[in-house]
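> sequence first, then the predicted structure:
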Protein chains: 2
Amino acid sequence: MADQAATNVTWHEHNVTSEERQKLNGHKGAVLWFTGLSGCGKSTVANAVDRMLHDRGIHTFVLDGDNVRMGLNKNLSFAPEDRTENIRRIGEVSKLFCDAGVIVLSAFISPFRDDRDQVREILTGGQFHEIHVNASLETCEARDPKGLYKKARAGEIKGFTGIDAAYEAPENCEIELDADNKGIEELAKEIVSYLDEKGFLNA
Amino acid sequence: MADQAATNVTWHEHNVTSEERQKLNGHKGAVLWFTGLSGCGKSTVANAVDRMLHDRGIHTFVLDGDNVRMGLNKNLSFAPEDRTENIRRIGEVSKLFCDAGVIVLSAFISPFRDDRDQVREILTGGQFHEIHVNASLETCEARDPKGLYKKARAGEIKGFTGIDAAYEAPENCEIELDADNKGIEELAKEIVSYLDEKGFLNA
C-alpha cells in the first residue's frame, strides 16, 4: 500500500502538460469562434479553414451544429436559457480541445454577447479568437440554404435569430469578415494569415 | 450569390474526414474508459498510460474530474439522474475527441452499467474500450487519498459509491486490471500492450 501510494504521487507529478502536447503537434492550441446569422457561412468558412490548416499538417477539429446538437447538446432547446447553456458547454469543450493542443473551429450562431464573453473568460491565455462572419440579414435570407428563414417568416419556427430573436453583433472581435462581398476561399485565407502572423501555427 | 452558393457546396464536399485526421496523427482514435471505485487508481493509471503514449508520439488527452467537474459539468450534482447526465456528456465529448483522431482517456467512477453501455453505443466503430480498474472497497478505503471515505462513513457525504450508493462492476469489459495487487506502471503497460496488439497505435 505504501509503495502504491508513492507510485501514485510520482505519476501525478509527471502528467503531460499542454505545452508538451503543443510541442508534439508542432503548433499552438487555439479556439476560433465563428459567430453570425444563420446562413452567413460560419460552418462553410470554418470547414474551409479546417481544410487549409489540415493540409499544412495542423491538428484541427470543427465543432458545429452537425456534431454537437445531435450529441452533447441534444437535450437543449432554442429557448434563451438553453441557448446560453448550449454555448457554455461548447465553450468548455472548445477549451478542452485547446488544452489538448488542437486548433478547434467552433461555428455557432451564438447570438448573445454575454454568452460569447463567458467563453472568452474561461480561455485565459489569449487562445480565444472571435470571428464575426458578417453577412447582412438580406443576404442570409436570400440564400436560406436550409429553408429556415422561410419557415421563420411563416411563423413555423419561433425565436429565430434575426427574425423574432436578437443577434448581438460583436463589438471588439479579433476578426471581422465581409461575408456579403467576399468568397469562402478569400475569407478562409484571411483567417489562416491571421493565425500565421500571430504565431499560432508554430510550436 | 450563385457563385457563393456553389463555393459553399464545393467546400462542404471536402470536409476533413476522421480518416484523414488519423492519417495525420499516425494512429487511430480511441476511447479508453476507466471505471472503478473512488481511490482505485483510475486517474493515476490513465495519466501513466497518457505519459507512455505521449512519449511514443501518440496524440492523447485525459478527461477526468479535474477538468470536467469544474468546467463542462459544473452544473451537475451527484444525484443519480445527474450522474447519468454527467456520463452522457463525457461520453459525447470522448466521441468528439475520438473523431478528431485522438486517443482519449476518460477516468470517472461511472458506477452505472447502463450509463457506460450508452457511451459504448454511440461509439459504433469499435473505438470504445472499457477498463475496469478493479480494486476492492477495502483497498480503496484504506488508501482514501482524498479523505472521502472517512467523510462518507461519518455521514458527511451522502450517496457515496461503495458506501451508500451502488457500484455496478463491468460484466464484459475489454480490460480488467488487478489494482489490488499490481503497481501503476505494470497496469499501464497492460493497456499500452493491448492497444499495440489491436493496432490502434498505427494509422
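Thanks, I have it.

> what about contact with chain B: does the longest helix belonging to chain A have any residue there?
Scanning chain A for the longest helix, with DSSP state H as the assignment, gives helix A:80-99. Yes - Helix A:80-99 reaches chain B (CB under 8 Å from any CB of the partner chain) through A:85, A:89, A:92-93, A:95-97, A:99. From N, CA and C alone the C-beta is placed, and that goes for glycine too.

> name the next helix or strand following that helix along the chain.
strand A:103-107 (DSSP states H and E).

> adjacent strands (with direction) for that next one?
Strand pairing for strand A:103-107, using DSSP bridges, gives strand A:30-35 (parallel), strand A:60-64 (parallel).

> which residues sit against it?
By CB atoms under 8 Å, 6 or more residues apart in numbering or on different chains, the surrounding residues in contact with strand A:103-107 are A:27-34, A:42-43, A:45-47, A:49-50, A:53, A:58-65, A:90-91, A:94, A:97-98, A:195, A:200.

> stretch A:49-69 - what's its average pLDDT?
Stretch A:49-69 comes out with an average pLDDT of 96.

> now do the end-to-end distance for it.
End-to-end distance of stretch A:49-69 (CA to CA, to the nearest Å): 22 Å.

> check which residues of it are buried.
Of all the residues in stretch A:49-69, those buried under the rule 16 or more other CB atoms under 10 Å in any protein chain shown are A:49-54, A:58-64, A:68.

> quick one: contacts of stretch A:155-170?
By CB under 8 Å, 6+ apart, the list of residues contacting stretch A:155-170 reads A:35-38, A:78-80, A:109, A:111-113, A:116, A:130, A:132, A:134, A:137, A:140-141, A:148-149, A:151-153, A:176.

> drop the exposed ones from those and show what's left.
Using 16+ other CB under 10 Å as the burial test, the contacts of stretch A:155-170 include A:35-38, A:109, A:111-112, A:116, A:130, A:132, A:134, A:137, A:140-141, A:148-149, A:152 as buried.

> please flag which of these sit within strands.
Among the buried ones among the contacts of stretch A:155-170, the residues falling in strands (DSSP state E) are A:35, A:130, A:132, A:134.

> test my guess that A:Phe128 contacts A:Gly29.
No - judged on CB atoms under 8 Å, A:Phe128 makes no contact with A:Gly29 at a distance of 11.0 Å.

> from A:Lys189, how far out is the residue positioned nearest the centre of chain A?
Most central in chain A under CA atoms, centre = their mean is A:Ser106, positioned 1.8 Å from the mean C-alpha point. Going from A:Ser106 to A:Lys189 by CB to CB, to the nearest Å gives 20 Å.

> kind regards, and thank you for your time.
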